[in-house]
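# here are the coordinates; sequence isn't available:
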């Protein structure tokens, strides 16, 4: 299947470029004076967080269109985006506490941003569990679409929680109304990492989509 | 060497493990009949 092969190559490219991100972040990006080496976790945590949020937005958008158009490609894409988004959410929820321990002195606190991010992750888990639990393809797609739209509605609260609530979590320094408040070297590393995470998202989602398509074709032949 | 380097190393190792692990998982799933 050509789509699957293309997706594999995109993923391989993404993983190769991830190695380049590691080299740039660890060897060619200055160490932040106050936080020290732990600040470099930011170059992985932030792109993963952006794709955790964007992944759920895309699940929601595909779900809305699915409910109107009943196109199975949209349902397949939503499923793929949810699985990949959950994987990026796992990175966010592991790298965040690893940064928090040396900087805040604690692995976890029930702060608004952290709690809402955990809730978003649990929405992903619930979405995928629901898909696994319903056997009828039509019902599964409809139920999952409703949950996907609900998950999308949570994303603005996750992103804006640092403005809406008193929180320990740092304020956005790139995705905010004013210009990014980050030195050039650090901003370039962050943007490079974001591009690589985007390539990985595309590669993984396309691979997952192709896998779902292959399974559907196998089920039809069975 | 700053004292929190070990946290940075842990985060980088775990992230690579998750991303490479997921890529391998997807590859193996496509091999299944």
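Everything's here; your move. Since we're looking at a predicted model, the values are computed, not measured.

# in which helix or strand would I find the most centrally placed residue in chain A?
Central residue of chain A (Cα atoms, centre = their mean): residue A:52, 2.2 Å from the mean position. Here residue A:52, judged by DSSP states H and E, is contained in helix A:42-69.

# which helices and strands sit right next to that helix?
helix A:2-27, helix A:72-104, helix A:112-133, helix A:137-164, helix A:184-221, helix B:5-31 (3 or more Cβ pairs under 8 Å, 6 or more residues apart in numbering or on different chains; DSSP states H and E). Yep, even glycine has a C-beta here, placed from its N, CA and C like the rest.

# quick revisit: and the residue nearest to the centre of chain A, what does it touch?
Counting by Cβ atoms under 8 Å, 6 or more residues apart in numbering or on different chains, residue A:52 touches A:85, A:88, A:89, A:92, A:117, A:120, A:121.

# so the third one touches residue A:124, yeah?
Yes. Between residue A:89 and residue A:124 there is a contact under Cβ atoms under 8 Å: 5.8 Å.

# Near chain A, which residues of chain B are found?
When proximity is defined by Cβ under 8 Å from any Cβ of the partner chain, chain B lies next to chain A at B:1-5, B:7-8, B:10-12, B:14-16, B:18-20, B:22-23, B:26-27, B:29-30.

# can we see that at 10 Å?
B:1-12, B:14-23, B:25-27, B:29-30, B:32-33 (Cβ under 10 Å from any Cβ of the partner chain).

# Just the buried subset of those residues, written out for PyMOL, thanks.
Here is the PyMOL selection string for the buried members of the residues of chain B next to chain A, based on 16 or more other Cβ atoms under 10 Å in any protein chain shown:
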select buried, chain B and resi 4+7+8+10+11+12+14+15+16+18+19+22+23+26
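
# so where is chain B shaky, pLDDT-wise?
B:1-2, B:33 (pLDDT under 70).

# still on that earlier bit, just the contacts of residue A:52 now: which is nearest chain B?
Distance ranking of the contacts of residue A:52 against chain B, using Cβ to the nearest Cβ, places residue A:88 first at 8.8 Å.

# My read is that that closest one contacts residue A:46, right?
No. Here residue A:88 lies out of contact with residue A:46, judged by Cβ atoms under 10 Å, at a distance of 11.2 Å.

# Give me the more crowded residue out of those two.
Shown here are residue A:88 and residue A:46; by other Cβ atoms under 10 Å in any protein chain shown, residue A:88 has more neighbours (28 against 21).

# now residue 22, nearest residue through space, not along the chain?
I'll assume chain A. Of all residues not flanking residue A:22 in the chain, residue B:12 sits nearest, at 6.4 Å (Cβ to Cβ, 6 or more residues apart in numbering or on different chains).

# not quite, I wanted chain B
residue A:87 (5.0 Å).

# and the closest residue to residue A:48 other than its chain neighbours, how many neighbours?
Leaving out its chain neighbours, the residue that sits closest to residue A:48 by Cβ to Cβ, 6+ apart is residue A:91, at 4.0 Å. Neighbours of residue A:91 under the rule other Cβ under 10 Å: 25.

# need the contact list for residue A:91.
By Cβ atoms under 10 Å, 6 or more residues apart in numbering or on different chains, residue A:91 lies in contact with A:44-45, A:47-49, A:51-52, A:197, B:11, B:14-19, B:22.

# sorry, back to before: and for residue A:89 and residue A:124, which residues touch both?
A:52, A:55, A:56.

# do you know how far the first one is from chain B?
Which is residue A:52. 12 Å (Cβ to the nearest Cβ, to the nearest Å).

# which ones are touching the residue nearest the centre of chain B?
Chain B has residue B:17 as the residue nearest its centroid, 1.4 Å off, counting by Cα atoms, centre = their mean. By Cβ under 10 Å, 6+ apart, the contact set of residue B:17 is A:91, A:94.
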